[in-house]
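**Q** predicted model follows, preceded by the sequence.
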Amino acid sequence: MQFAFRTFGRGAHPPASKFTANVPLAEFDAPELLRVPLSQHIGAPAVPVVEVGDTVAAGQPIGESGGFVSARVHAPVSGRVTAVKKGVTPTGAQCVHIEIENDFEGRTAFLPPLDDPTPDMIRERVRECGIVGMGGAGFPTHVKLAPKTAPEFFLLNGAECEPYITCDCRLMTERAEEIVRGARLMAKAVGAGVALIGVESNKKGAYAALEKACGGADDVRPVLLRTKYPQGAEKQMVFALTGRRVPPGGLPADVGCVVDNVHTAYAVARAVDMGEPLISRAVTVGGGETGAPGNFFMPVGTPFSFVREKTRGERSDEDIVKVISGGPMMGVAQSGLDACVSKTTSSLLFFGAKESAATSPTQCINCGRCIRQCPMKLSPRDIEKAVVAGDFPRTEELYVTDCMECGVCSYVCPAKRPLVQAIRLAKKTLKERRK
Ligand code: SF4
Ligand code: SF4
């Protein structure tokens, strides 16, 4: 079967702006003080299991799962716990953070490697190591690896379709063997016969590295996809790779697929083969107001203010108009630099006036672009109107919960209507009313 350059309907073509695509991954300096959030995943926050004054080693649990859908949290460095207190996360929410003073001794508390693990052993190791979906959603991976029925396909998302972000591209290029190993382990855990890795056509180096690592095997292989936003969204990835449509309100499992991200596969390989919990990740630092942009392995808990300090270069903080955690399409604008790197932080972007698109909204001119280009075939214009009118039941009739918040509608809207913000508000309000 040949899937080359497959894609999905609708979508958009924002400028790729992958300025750091050729900058190799580098280890970031570890800060003196780290603040590790206990809620870095979908589900219940982790519960602290250390107290102020405790000494910890890198990889030692500091937060235990707070429920079935939750994830363990580990110390990213060795040192001493100096505070257990609330702080802000990159999403703007508040949660308890464990503050650790780094002793720079590099003591670790990793688990023993697993030799030829069974599916149950893989799931348990993934749970022990606190692995979550690293593409942004943060869904606990041990739960995803326990589907009710075995899927036909295990799909890895290597599209990285968001502008600016290049950390997955570098990871696929430089650590392809580990990603392929992780893909095999995850496919084994869910019982899938085939693992496919979807890579956008603007990452030919990454594709070549994965192809080499697969060595012509039948059980796992990369597939080139057309470069289009949001190619990396779960339902669009399923369609592009298999031709199957996830039904409205449904999940990839409904059409025999499980989807995860390439960085997650890398983390799974390290957890199984090296016993390493998820305590660091690759992060792209970019944007026009970054003096030293690049792709860096950073410990979870690294303060954004420290990231800025180390990558400011000759730039001035006064020229920053916007700071985004994640990409410009789906990322979260930061109100300051108080948050810290989490398991799902793919990038930190510092934008000046030029890059910050004009955001002053004008009246909707009923051009219909947002409707024509929505990959989910929704009507963002009408949803926004219903939100403005306070008619939230109407937003439900317009299938607002099917929106994946990809940002295409806002991007193409000539009137710069705050469509995604309205959609987020509708979803939040409906959720609260249901409770
Ligand atoms: S309505 Fe949702 S899914 Fe459709 S383009 Fe807008 S953000 Fe994307
Ligand atoms: S794209 Fe903007 S201006 Fe056009 S219909 Fe949608 S909301 Fe209105």
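**A** Cool, the structure landed. Numbers count the residues shown, from 1 in each chain. Ligands and ions are numbered 1, 2, ... in the order given.
**Q** please count neighbours and contacts with C-alpha atoms only from this point.
**A** Noted.
**Q** give me the domain ranges for the chain.
**A** 1-27+108-357, 369-434 (automatic domain parsing).
**Q** could I get the ones you listed as CSV with mean neighbour count, mean pLDDT and distance to Glu51?
**A** Shown next, in CSV, are the domains of the chain (neighbours: other CA atoms under 10 Å; pLDDT from 0 to 100; distance: least, CA to CA, whole Å):
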stretch, mean neighbour count, mean pLDDT, distance to Glu51
domain 1-27+108-357, 21, 94, 17
domain 369-434, 18, 92, 33
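**Q** state the distance from the one residue in the stretch 101-250 of the chain that gets nearest to ligand 1 to ligand 2.
**A** Per CA to the nearest ligand atom, Pro230 is where the stretch 101-250 of the chain lies closest to ligand 1, at 8.2 Å. Pro230 sits at a distance of 17 Å from ligand 2 (criterion: CA to the nearest ligand atom, to the nearest Å).
**Q** contact partners for Gln363?
**A** Applying CA atoms under 8 Å, 6 or more residues apart in numbering, we find Gln363 in contact with 415, 417.
**Q** ignore what I typed, I meant Gln373.
**A** 10-12, 408-409.
**Q** please report phi then psi for the closest residue to Asn22 other than its chain neighbours.
**A** Once flanking residues are discounted, Asn22 sits nearest to Arg170: 7.6 Å by CA to CA, 6 or more residues apart in numbering. Main-chain torsions, Arg170, degrees, to the nearest 10: phi -70, psi -40.
**Q** ok, now Lys86?
**A** According to degrees, to the nearest 10, Lys86 has phi -70, psi 150.
**Q** now it. Nearest residue, chain neighbours left out?
**A** Spatial nearest neighbour of Lys86, chain neighbours left out: Val96 (4.1 Å); criterion: CA to CA, 6+ apart.
**Q** sorry, back to before: so the residue of the stretch 101-250 of the chain closest to ligand 1 touches Pro14, yeah?
**A** No - between Pro230 and Pro14 there is no contact, the gap being 9.9 Å when judged by CA atoms under 8 Å.
**Q** from ligand 1, how far out is the residue located most distally from the centre of the chain?
**A** Centroid-distance maximum for the chain: Ile365 at 34.0 Å, with CA atoms, centre = their mean. For Ile365, the distance to ligand 1 (CA to the nearest ligand atom) stands at 17 Å.
**Q** now do Lys377
**A** From Lys377 to ligand 1 the distance is 7 Å (CA to the nearest ligand atom).
**Q** remind me which helix or strand that residue belongs to.
**A** Lys377 is part of no helix or strand when elements are defined by DSSP states H and E.
**Q** secondary structure class for the residue lying closest to it once chain neighbours are set aside?
**A** Counting by CA to CA, 6+ apart, Ile371 is the residue found nearest to Lys377 once chain neighbours are left out, at 6.7 Å. Assigned with DSSP: H, G, I helix; E, B strand; the rest coil, Ile371 falls in the helix class.
**Q** I figured Ile371 hits Glu384, correct?
**A** No - with contact defined as CA under 8 Å, Ile371 and Glu384 do not form a contacting pair (11.9 Å).
**Q** coming back round to it: ligand 1 next: which of the contacts of Gln373 are close?
**A** Near ligand 1, judged by CA under 6 Å from any ligand atom, the entries from the contacts of Gln373 are 408-409.
**Q** just send the contacts of Gln373 back as a markdown table, with secondary structure and distance to Val268 too.
**A** Output for the contacts of Gln373, formatted as a markdown table (DSSP: H, G, I helix; E, B strand; the rest coil; distance: CA to CA, whole Å):
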| residue | secondary structure | distance to Val268 |
| --- | --- | --- |
| Arg10 | coil | 33 |
| Gly11 | coil | 31 |
| Ala12 | strand | 32 |
| Val408 | helix | 31 |
| Cys409 | helix | 35 |
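**Q** for the contacts of Gln373, which one is nearest Val84?
**A** Val408 (39.2 Å; CA to CA).
**Q** could you pull up the residues touching the closest one?
**A** Residues near Val408 by CA under 8 Å, 6+ apart: 11-12, 229-230, 329, 370, 373-374.
**Q** follow-up on the earlier one: ok, the contacts of Gln373 vs Gln421, which is closest?
**A** Cys409 (11.0 Å).
**Q** how much space between that closest one and ligand 2?
**A** On the measure of CA to the nearest ligand atom, Cys409 and ligand 2 end up 6 Å apart.
**Q** residues contacting that residue?
**A** For Cys409, the contacting residues are 369-371, 373-374, 380, 419-420, by CA under 8 Å, 6+ apart.
**Q** and if we set it to 7 Å?
**A** Taking CA atoms under 7 Å, 6 or more residues apart in numbering, we find Cys409 in contact with 370, 373-374, 380, 419.
**Q** okay, the contacts of Gln373 in TSV with distance to Glu211 next?
**A** Output for the contacts of Gln373, formatted as TSV (distance: CA to CA, whole Å):
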residue	distance to Glu211
Arg10	29
Gly11	27
Ala12	28
Val408	31
Cys409	35
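**Q** which member of the contacts of Gln373 is positioned nearest Leu155?
**A** For these, with Leu155 as the reference and CA to CA as the criterion, the closest is Gly11, at 20.6 Å.
**Q** I figured the closest one hits Gly232, correct?
**A** No - contact criterion CA atoms under 7 Å: Gly11 and Gly232 do not qualify, at 11.2 Å.
**Q** residues in contact with Pro361?
**A** 415-417.
**Q** repeat the analysis, applying 8 Å as the threshold.
**A** With CA under 8 Å, 6+ apart, Pro361 has these contacts: 415-418.
**Q** now those residues in CSV, with distance to Leu251 and secondary structure?
**A** CSV is the format used below for the contacts of Pro361 (distance: CA to CA, whole Å; DSSP: H, G, I helix; E, B strand; the rest coil):
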residue, distance to Leu251, secondary structure
Ala415, 33, coil
Lys416, 31, coil
Arg417, 30, coil
Pro418, 28, coil
